[in-house]
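1. I'd like to go over a predicted model; first the sequence, then the structure.
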Amino acid sequence: MRIFMTGATGFIGAHLCRQLVLGGHEIVALVRDPKKAAAELPASGVTTLAGDLSLFEREDVVLPPCELVIHLAGVVAANTSLPVIGIPAETSSFKGMDSLLSTVQMPAGTPVATVAVG
């Protein structure tokens with residue numbers, strides 16, 4: 001499976017990235033520092049895309065096709081008092097369970113709703 005990942009050079013992201021590559025997955029990592037990515041991430045199985053989250057503000061951006069997005073950089077933004085609505089997206093490997101778990105594991109006190117699609 002081809003996976004787009006933000007936060008791949010962080011502590012959790014680097015570990016997750018290595019495990020996913022060992023599992024046969026291909027990672028496309030959005031990284032702010034390509035030199036850090038070269039030192040932290042596996043040499044094969046990972047393609048880096050230099051940039052930061054402001055990349056998503058551009059209307060002309062075209063991301064590489066991937067089957068799954070892991071947005072670890074968004075975990076920092078998850079510490080909010082605003083309500084969160086989670087939409088479990090089904091994938092061939094995880095059947096939406098990863099999306100559901102990331103929704104229900106929000107910090108205590110965060111209002112959360114989960115909806116079904118399909």
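-> Thanks, I have the structure now.

2. Now the element after the lengthiest helix in the chain, going C-ward?
-> Ranked by residue count, the top helix of the chain under DSSP state H comes out as helix 11-22. Using DSSP states H and E, the next helix or strand after helix 11-22 towards the C-terminus is strand 26-31.

3. list the buried ones in that following strand?
-> Of the residues in strand 26-31, 26-31 count as buried by neighbour count, 16 or more other Cβ atoms under 10 Å. Any C-beta I mention is one placed from the backbone N, CA and C, and that applies to glycine too.

4. cool, stretch 10-18 as well?
-> 10, 13-14, 16-18.

5. any chance you could map the strands in the chain?
-> Using DSSP state E, the strands of the chain run over 2-6, 26-31, 46-50, 68-71, 84-86, 112-114.

6. looking at the ones you listed, which has the lowest confidence?
-> For the strands of the chain, mean pLDDT drops lowest on strand 84-86, to a mean of 72.

7. so what strands line up beside that one?
-> Applying DSSP bridges, strand 84-86 is found paired with strand 112-114 (parallel).

8. buried residues in the partner strand?
-> By 16+ other Cβ under 10 Å, strand 112-114 has no buried positions at all.

9. pLDDT of the longest helix of the chain, averaged?
-> Per-residue pLDDT values across helix 11-22 average out to 90.

10. quick one on the thing from earlier: of the buried residues of stretch 10-18, which is the nearest to residue 35?
-> Nearest to residue 35 among those: residue 14, at 14.1 Å, using Cβ to Cβ.

11. what's near enough to touch the nearest residue to that closest one once chain neighbours are set aside?
-> Once flanking residues are discounted, residue 14 sits nearest to residue 40: 4.7 Å by Cβ to Cβ, 6 or more residues apart in numbering. Going by Cβ atoms under 8 Å, 6 or more residues apart in numbering, residue 40 touches 8-9, 14.
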